[in-house]
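Novice: Sequence first, then the predicted structure:
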Amino acid sequence: MSIPNRPIAAEEILAADRHLVHGFANLDALKADGARTAIVAAEGAYVRDAHGNRLLDGIGGLWCVNVGHGRAEIIDAIAAQLRELDYYSVFYNLTHPTAARLAEKLASLAPGPLNHAFFANSGSVANDSAVRILHHYFNRLGKPKKKKILSRIGAYHGSTHLAIAMTTPAYREGWDSAAELVHFLSSPSPYRRPDGMDEAAFLDVLIDELETAIETLGAENIACFIAEPIMGAGGVIVPPKGYHARVGEICRKNDIRYVADEVVTAFGRLGHMFASEAAFGVQPDIISVAKGLTSGYQPMSATIISDEIHEVVSGPGGLFLHGMTYSGHPACSAAALANIAILEREDICGQVRVRGPLFERALHALADLGIVGEVRGSHFMMGIEFVRDRATKALFDPGVNIGGRVARHAQARGLIVRPLAHMAVLSPPLILTEAQIAEIGATLRQSIRATMDDLARERLL
């Protein structure tokens, strides 16, 4: 597949786009000319916009395109599946071969006794489903009061009514949600820990807070703790070493189920098919996945549950009253199987374990720039936090839109990065070459310097 090198009716696309409601956008700001970018083609680690500009995709679409754009194997598998069986549901006693094979494949890859997959079409629904299943599970165990959910400030678990309730409040200001079900714990951000406190002591503080919350709320009222191995949209927060393992132990002691939201981290982004056990030493009771499951080629998610949970919810005397029309869609299942085959055949997880540290080093090298407060993350999941004062870690005023400024300069230089308030976030395809890694580092350096020049001219720095 080649990327067209000509403009493709940019004005027509952007005129039509005025009818499209963009997620998590300032819709008023999008009314301005030049506020939107239309991506019209993609190949490998690059995309092309409607004006003919070739851009390095530093965000993988949206944490998604793990195996890169334009993989013929996945496209052909989707087309072949549609020719053979375009659609059928997996409701009632019905199934089809592709969904069945995918469920079997996920069971073989997931850690420990996670051997049963419920399919949906987004990470939001995967996390919603995890909680719905657990509430029903505890009802069937005769523990109907176990409904509360423990989440963290800075978490991002989706935007459905329940998933957004589990997401940090900053993402739902002015919007309603099922907030009464959720208790928030502190963000496990080592960069923002109290002055004079080392990371080990900070971990103890976080664990003490968790134990206090369980004592206050009552373990008999708590269904689950939900966590991303590394927080994504909440700021690419890597918790203190040992955090997840210790939280998992406390959950087990208190009959609280551990839900790992691996919507971003699964399928190679951190160098493993699943990161919870392999990278963070915790065995979840449920893992939610999406994004890298199909590398974004089709909308699909999975809620992977343990044998023990499945045994309870599949026992006699009740119906599994949960499902979606497109659960296990044949084309989506085919895309996922083809995507996983590429990950395995090309040992992309192994490549990430080699090149991920190179990517980390390329970004950590930016720490000498005056507005870079911290570079953090792991492998191909990285974030740069910008500060007005490195000594105090004071942030720029939100009106400065520091992340947006850096992102605009980067895009003008051929690199897409994700602006996230006072941060720039990168989650590129996992197939980056060393030359492309170097290109990203160099472009970011130029973009941050250009931003610093702008701030100086405007007397904001």
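Specialist: Structure's in. What do you need?
Novice: rest of the way, CA atoms for contacts and neighbours
Specialist: Will do.
Novice: Report the secondary structure state of the closest residue to residue 294 other than its chain neighbours.
Specialist: Ranked by CA to CA, 6 or more residues apart in numbering and with sequence neighbours excluded, the top spatial neighbour of residue 294 is residue 336, at 4.3 Å. Under DSSP: H, G, I helix; E, B strand; the rest coil, residue 336 falls in the helix class.
Novice: quick one: residue 336 from residue 353, how far?
Specialist: 22 Å (CA to CA, to the nearest Å).
Novice: can you check residue 209 too?
Specialist: From residue 209 to residue 353 the distance is 34 Å (CA to CA).
Novice: Likewise for residue 44?
Specialist: Per CA to CA, residue 44 is found 19 Å from residue 353.
Novice: circling back: higher neighbour count, residue 209 and residue 353?
Specialist: Neighbour totals were compared for residue 209 and residue 353, and residue 353 leads with 18 against 14 (other CA atoms under 10 Å).
Novice: The more buried one in helix, strand or coil?
Specialist: Reduced to three states by three-state DSSP, residue 353 is helix.
Novice: That one and residue 379 touch, don't they?
Specialist: Yes - in this structure residue 353 lies within contact range of residue 379 using CA atoms under 8 Å: 7.2 Å.
Novice: what touches both of these two?
Specialist: 270, 271 (CA atoms under 8 Å, 6 or more residues apart in numbering).
Novice: so where's the stretch 251-400 of the chain shaky on pLDDT?
Specialist: Applying pLDDT under 70 to the stretch 251-400 of the chain flags no residue at all.
Novice: Please enumerate the strands of it.
Specialist: 257-261, 286-289, 301-306, 372-378, 381-386 (DSSP state E, counting those that start in this stretch).
Novice: which helices and strands sit right next to the second one?
Specialist: Read it as strand 286-289. helix 123-140, strand 257-261, strand 301-306 (3 or more CA pairs under 8 Å, 6 or more residues apart in numbering; DSSP states H and E).
Novice: With only the CA atoms kept, save stretch 47-67 in CSV.
Specialist: Taking Å, rounded to 0.1, in the frame of the first residue of the first chain, the C-alpha atoms of stretch 47-67 are listed here in CSV:
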residue,chain,number,x,y,z
VAL,A,47,0.4,8.8,7.8
ARG,A,48,-0.4,11.5,5.2
ASP,A,49,-2.8,14.3,5.7
ALA,A,50,-5.2,15.8,3.2
HIS,A,51,-2.7,18.5,2.2
GLY,A,52,-0.2,15.9,1.2
ASN,A,53,2.1,16.2,4.3
ARG,A,54,3.8,13.0,5.4
LEU,A,55,3.8,12.7,9.2
LEU,A,56,5.5,10.2,11.5
ASP,A,57,2.7,8.7,13.6
GLY,A,58,4.0,9.3,17.1
ILE,A,59,0.7,8.3,18.7
GLY,A,60,-0.2,5.1,16.8
GLY,A,61,-3.6,6.6,15.9
LEU,A,62,-4.4,6.5,19.6
TRP,A,63,-2.2,4.0,21.5
CYS,A,64,-3.5,1.6,18.8
VAL,A,65,-1.5,0.7,15.7
ASN,A,66,1.0,-1.7,17.3
VAL,A,67,2.0,-3.6,14.1
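Novice: what about it, average pLDDT?
Specialist: Average pLDDT, stretch 47-67: 96.
Novice: what separates the residue nearest the centre of the chain from residue 62, distance-wise?
Specialist: Geometric centre of the chain, nearest residue: residue 264, 3.0 Å, by CA atoms, centre = their mean. Separation of residue 264 from residue 62 (CA to CA) stands at 9 Å.
Novice: swap in residue 384?
Specialist: From residue 384 to residue 62 the distance is 17 Å (CA to CA).
Novice: rewinding a little: turn the helices and strands packed on strand 286-289 into a markdown table, including mean neighbour count and distance to residue 327.
Specialist: Formatted as a markdown table, those follow (neighbours: other CA atoms under 10 Å; distance: least, CA to CA, whole Å):
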| stretch | mean neighbour count | distance to residue 327 |
| --- | --- | --- |
| helix 123-140 | 22 | 11 |
| strand 257-261 | 26 | 19 |
| strand 301-306 | 26 | 9 |
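Novice: Make CSV from the ones you listed and add distance to residue 392 to it.
Specialist: CSV is the format used below for the helices and strands packed on strand 286-289 (distance: least, CA to CA, whole Å):
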stretch, distance to residue 392
helix 123-140, 36
strand 257-261, 32
strand 301-306, 41
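Novice: Compare these and give me the one nearest residue 89.
Specialist: When these are ranked by proximity to residue 89, the top entry is strand 301-306, at 15.4 Å, counting by CA to CA.
Novice: what's the angle from the helix ranked longest in the chain to strand 372-378?
Specialist: Ranked by number of residues, the top helix in the chain under DSSP state H is helix 434-457. Interaxial angle, helix 434-457 versus strand 372-378 (axes from the mean of the first three to the mean of the last three CA atoms, to 10 degrees): 150 degrees.
Novice: Alpha carbons of helix 434-457, as CSV, please.
Specialist: Output of helix 434-457 as CSV, limited to C-alpha atoms (Å, rounded to 0.1, in the frame of the first residue of the first chain):
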residue,chain,number,x,y,z
GLU,A,434,16.4,3.1,15.1
ALA,A,435,16.5,5.9,12.5
GLN,A,436,12.8,6.7,13.2
ILE,A,437,13.5,6.8,16.9
ALA,A,438,16.3,9.3,16.3
GLU,A,439,14.0,11.3,14.1
ILE,A,440,11.4,11.5,16.8
GLY,A,441,14.0,12.6,19.4
ALA,A,442,15.4,15.3,17.0
THR,A,443,12.0,16.6,16.0
LEU,A,444,10.9,16.9,19.6
ARG,A,445,14.0,18.8,20.5
GLN,A,446,13.4,21.3,17.8
SER,A,447,9.7,21.6,18.7
ILE,A,448,10.3,22.2,22.4
ARG,A,449,13.0,24.8,21.6
ALA,A,450,10.6,26.5,19.2
THR,A,451,8.0,26.5,22.0
MET,A,452,10.4,28.0,24.5
ASP,A,453,11.2,30.7,21.9
ASP,A,454,7.5,31.5,21.6
LEU,A,455,7.1,31.6,25.4
ALA,A,456,10.1,34.0,25.7
ARG,A,457,8.7,36.4,23.1
